[in-house]
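>>> pasting the sequence and the predicted model now:
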Amino acid sequence: MKKIIVSCMLTILLVTMSGCNQDKTVVVASKPMTEQFIIAQMLIALIEQETDITVEHKAGVGGGTSNIHPAMVSGEIDIYPEYTGTGWMFVLEQELIQDPQQLYLAVKEAYQEKYDIVWSGLYGFNDTFGIAMKRELAQEKGIRSYSDLAELGQELTFGAEHDFFERADGFPGISTEYGFEFKDEVGMDIGLKYQAIQANEVDVINIFSTDGKLKEYDMVVLEDDRLYFPSYYAATLIRQETLDEYPELEAVIGMLDGQIDNDEMTYMNYLVEIEKKEPKTVAIEFLQEKGLLK
């Protein structure tokens, strides 16, 4: 009889412990873009390795920040990767701060005060607008920065989607800032830019700075040496309420601080978009190479 009672007590204890673990759940979200899928898988892998917290993943949330941010405020989502420029200008609706570090500190402080949401340290990469050209041509011309392009690019053809030529903060603004004068300027559909530069129909195009196709076509992103484009450095956002409940998560999300530079993020995007590897596989292999995942 005594054995039966002990057995029942153990069963009740195990069920209770199991119930407690099931209650320890956080929701990690990602926007519908490749690098967000990869980073979300990194966060999930690290949380599952370092804690006993269960992770629910809301992958590729439609509308991106427009829908994820309200869900963070309401508590439906606990954690997701975000970009400094997006948080500052789109969510907080503030005027651009050109200096990347000042922008990071300002958006971090504002989110804490206004939304009780914490920004981690920056991962290291900056997924911003940019200008790129084939590496071979850039080396041949000695062009490494926008200022070099303004000085040496008069015989080159610039290509971009039609919108970029029409937006005040697109080609008109950057041409005024740097004094660009190209041999020709060609408007095209956004999906044709890389084909056009591969076919030598254009020499320089506008891009996103961690696009996986940069690796596929061996292109180099030129330095925006006057910081014309806003910076979009990425970091993990977590609700303060979630951190208060699971303080162990602070150290976990901090494991990605300073770990991913632009070349690494571009290469991981390339592996998923071009080599068709799964984001989870790419994320885990990267963490293992960094020694962050066993």
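Everything's here; your move.

>>> quick one, phi psi at Gln102?
phi -60, psi -40 (degrees, to the nearest 10).

>>> then Glu93?
According to degrees, to the nearest 10, Glu93 has phi 60, psi 50.

>>> okay, now it: neighbour count?
As a burial measure, Glu93 scores 7 neighbours (other CB atoms under 10 Å). For the C-beta atoms, the positions are set from N, CA and C on the backbone; glycine is no exception.

>>> now do Glu177
15.

>>> local confidence estimate at it?
With respect to pLDDT, Glu177 scores 95.

>>> beta partners of the nearest residue to Ile190 once chain neighbours are set aside?
Using CB to CB, 6 or more residues apart in numbering and skipping residues adjacent in sequence, the residue nearest Ile190 is Glu161, 4.0 Å away. In this entry, Glu161 is beta-bridged to Met188, by DSSP bridges.

>>> thinking Glu161 is in contact with Ala196, fair?
No - contact criterion CB atoms under 8 Å: Glu161 and Ala196 do not qualify, at 10.9 Å.

>>> overlap in contacts of those two?
Taking CB atoms under 8 Å, 6 or more residues apart in numbering as the criterion, Glu161 and Ala196 both touch Met188.

>>> let me see the contact set for the residue nearest to Ile190.
187-190, 193, 206.

>>> now the two most distant members of those residues.
Asp189 and Asn206 (13.2 Å; CB to CB).

>>> more neighbours, those two?
When Asp189 and Asn206 are compared for neighbours, Asn206 comes out ahead with 21 against 10, by other CB under 10 Å.

>>> check which helix or strand the more buried one maps to.
Following DSSP states H and E, one finds Asn206 within strand 204-208.

>>> for that strand, which strands pair with it and how are they oriented?
With DSSP bridges as the test, strand 204-208 pairs up with strand 129-134 (antiparallel), strand 157-161 (parallel).

>>> check what contacts it and list those residues.
Under the criterion CB under 8 Å, 6+ apart, residues 127-133, 149, 153, 156-161, 164, 170-171, 182, 193-194, 196-197, 214, 219, 221 lie in contact with strand 204-208.

>>> which secondary structure elements does the very next helix or strand once past that strand contact?
Remark: after strand 204-208, the chain's next helix or strand is helix 213-216, criterion DSSP H and E. Here helix 213-216 touches strand 219-221, helix 262-273, going by 3 or more CB pairs under 8 Å, 6 or more residues apart in numbering; DSSP states H and E.

>>> buried ones in helix 213-216, by neighbour count?
213-215 (16 or more other CB atoms under 10 Å).

>>> now do that helix, average pLDDT.
Mean predicted confidence for helix 213-216 is 93.

>>> hang on, the earlier thing: now the strand holding Asn206 and helix 262-273, what's the angle there?
80 degrees (axes from the mean of the first three to the mean of the last three CA atoms, to 10 degrees).

>>> now strand 204-208: average pLDDT?
Here strand 204-208 scores 95 as its mean pLDDT.

>>> what about that strand, distance to the chain center?
18 Å (CA atoms, centre = their mean, to the nearest Å).

>>> then it to PDB, C-alphas only?
Only the C-alpha atoms of strand 204-208 are listed here, as PDB (Å, rounded to 0.1, in the frame of the first residue of the first chain):
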ATOM      1  CA  VAL A 204      25.800  50.100 -61.000                       C
ATOM      2  CA  ILE A 205      22.500  49.300 -59.200                       C
ATOM      3  CA  ASN A 206      20.700  50.100 -56.000                       C
ATOM      4  CA  ILE A 207      20.400  47.200 -53.600                       C
ATOM      5  CA  PHE A 208      19.600  46.000 -50.000                       C
END
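
>>> any idea what the spatially most central residue of the chain is bridged to?
In the chain, the centroid-proximal residue (CA atoms, centre = their mean) is Ala234; its distance is 4.9 Å. Ala234 forms beta bridges with Tyr83, as assigned by DSSP bridges.

>>> the longest strand anywhere in the chain to helix 262-273, inter-axis angle?
Of all the segments of type strand in the chain, defined by DSSP state E, the longest one is strand 117-126. Strand 117-126 runs at 90 degrees relative to helix 262-273, counting by the same axes, to 10 degrees.
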